[in-house]
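Trainee: Below are the sequence and a predicted model for it; my questions follow.
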Amino acid sequence: MNAKPAPSSAMLRKVLISSVLGNAFEWFDFAIYGMFAVVIAKLFFPAGTPAASLMLTLATFGMGFVVRPIGGVLLGLYGDRVGRKKALTLTIVLMAVATGLIGILPTYAAIGVAAPILVVLARMLQGLSAGGEFSSATTMLIEFAPENRRGLYGSLQMCSQALAFSLGAGVAYLLAAHLTHAQLESWGWRLPFLVGILVGPVGWIIRSTVDESPEFAAYLEQTKKAGKPPRAPLTEILRDYPRAMFASIGLCVVGTVSAYVFVIFVPIFARTQLGIPLPDANLTTFAGTLVILVFCPLAGWLSDKIGRRAVIIPSIIAYAAVGLLCFVHLIAAPSFASLLLLEIGVSFFMSFFWGTIPVVMTEVFPVAIRSTGAAFTYNIAVMVFGGLAPFVNTWLVQATGSKLAPIYYVMFSALLGILGALLLPRRPAAQLSAAA
């Protein structure tokens, strides 16, 4: 394939802003449901006990992930057929509509069973949007990046997720700390969802002004000259790239479990099982995600210098060891300090595989099927292991009677991540296609 044309510095800055900020907007909308799960449980999913209500709420949180592979494949196919730009513009509008709907819904007390049904529908729409967001935005960044800086550019995608989680945790902390319990349940929890409505028009304006990815544009031009329609078959991924697919899924498992256990589940667990005040729990999440925000670019830069495996494998091993030690300490001596130690400790090592995974999951596939391949593998991992992590771990604690149960889930995901790293092809498909 011909070398991709170099974009102007002004367009490169615009792409970085549109991808990173747009992705942050999307993930802020998606994450705040988990941040306010305890309140939503009481208002929309009343049950016999608070634990049962929370389980229903977390199951609904997981519903957003069940449909993500569908959204990921559909939007991935769309991105591989008509372009990354159009796919990204569509995802951000869908997310804004779904988030705004949650913010204005009447509660169970007002409209009965229709309330939780509408919440489920809104979460499914969020899931469809999020399913295509990560892969499309990451693909756009990687395809604009200089060849020797793909890791650094890809890591910015995870910075945007960390920024979204930081903002969500920060908003949750401020509302919980400055509103009474009655005010928070009455109207305070709705504020971040209503703000999320702005994601649609702001994101559309940001993303509609960028050019199409030069690598994808070159591919389209080549297929037109050859008289072939653009292809994006899922069967090609399953048939021709099984090793790349399983490697990417394994790495996405450890990445997504780390996010939804330590960013979403642990604050809920700390509040409901360990008696740590909700503002304190949200504050530790805020601190941890700031650590990820700072160190992700270093991870991406390192992966460009010393290789992907050399960054990923040691960081996963260290993350698992620190997570185990700090989680055991938290259970033995629950406090704000021990929770903060856990969140900061795991976040430091999380940042090194978080920052490297985006480039890996895109460069293992050639440009013709890259968006679909990244969307499919990422969303399969997220659906099975990530989105249901808060629900599964809450159930594990109740079923086993052991507060240590969640850390075993984390250890299993770390093992899958290491196996995924070992399966990575020696030469990325992106290099092979560039050399063709």
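Mentor: On my side now, so go ahead.

Trainee: Give me the below-cutoff pLDDT ranges for the stretch 301-436 of the chain.
Mentor: Applying pLDDT under 70 to the stretch 301-436 of the chain picks out residues 387, 426-436.

Trainee: And the strands in it?
Mentor: For the stretch 301-436 of the chain, no strands are identified by DSSP state E, counting those that start in this stretch.

Trainee: how deep is the residue nearest to Ala318 when sequence neighbours are not counted tucked in, by neighbour count?
Mentor: Once flanking residues are discounted, Ala318 sits nearest to Phe349: 4.6 Å by C-beta to C-beta, 6 or more residues apart in numbering. Bear in mind the C-beta positions are built from the backbone N, C-alpha and C, glycine included. When neighbours are counted by other C-beta atoms under 10 Å, Phe349 registers 24.

Trainee: so how far is Val397 from Phe349?
Mentor: 24 Å (C-beta to C-beta, to the nearest Å).

Trainee: And the helix ranked longest in the chain, what's buried?
Mentor: Determined from DSSP state H, the single longest helix within the chain is helix 114-144. For helix 114-144, the neighbour count (16 or more other C-beta atoms under 10 Å) marks 115-116, 118-120, 122-144 as buried.

Trainee: returning to what we had before: pretty sure the residue nearest to Ala318 is touching Tyr319, no?
Mentor: Yes. The pair Phe349 / Tyr319 is scored as a contact, 3.7 Å apart, by C-beta atoms under 8 Å.

Trainee: Please enumerate the helices of the stretch 251-400 of the chain.
Mentor: With helices called from DSSP state H, counting those that start in this stretch, the stretch 251-400 of the chain shows them at 266-272, 278-306, 308-332, 336-354, 357-363, 370-381, 389-400.

Trainee: Out of those, which gets nearest to Gly71?
Mentor: Of all the helices of the stretch 251-400 of the chain, helix 370-381 sits nearest to Gly71, with 7.4 Å by C-beta to C-beta.

Trainee: can you list contacts of the closest one?
Mentor: Residues from elsewhere that reach helix 370-381, judged by C-beta atoms under 8 Å, 6 or more residues apart in numbering: 65, 68-69, 71-73, 75-77, 79-80, 84, 87, 131-132, 134-136, 138-139, 143, 232, 234, 237, 241, 244-245, 248-250, 252-253, 255-256, 361-362, 364-365, 430.

Trainee: chain center to it, what's the gap?
Mentor: 12 Å (C-alpha atoms, centre = their mean, to the nearest Å).

Trainee: If you compare the directions of it and helix 114-144, what angle comes out?
Mentor: Per axes from the mean of the first three to the mean of the last three C-alpha atoms, to 10 degrees, the angle that helix 370-381 makes with helix 114-144 is 140 degrees.

Trainee: Send me helix 370-381 as CSV with only the CA atoms.
Mentor: Only the C-alpha atoms of helix 370-381 are listed here, as CSV (Å, rounded to 0.1, in the frame of the first residue of the first chain):
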residue,chain,number,x,y,z
ARG,A,370,-9.1,-2.5,11.6
SER,A,371,-12.1,-0.7,13.0
THR,A,372,-14.3,-3.8,12.9
GLY,A,373,-11.5,-6.0,14.4
ALA,A,374,-10.8,-3.6,17.2
ALA,A,375,-14.5,-3.1,18.0
PHE,A,376,-15.2,-6.9,18.0
THR,A,377,-12.4,-8.0,20.2
TYR,A,378,-12.6,-5.1,22.6
ASN,A,379,-16.4,-5.4,23.1
ILE,A,380,-16.4,-9.2,23.5
ALA,A,381,-13.9,-8.8,26.4
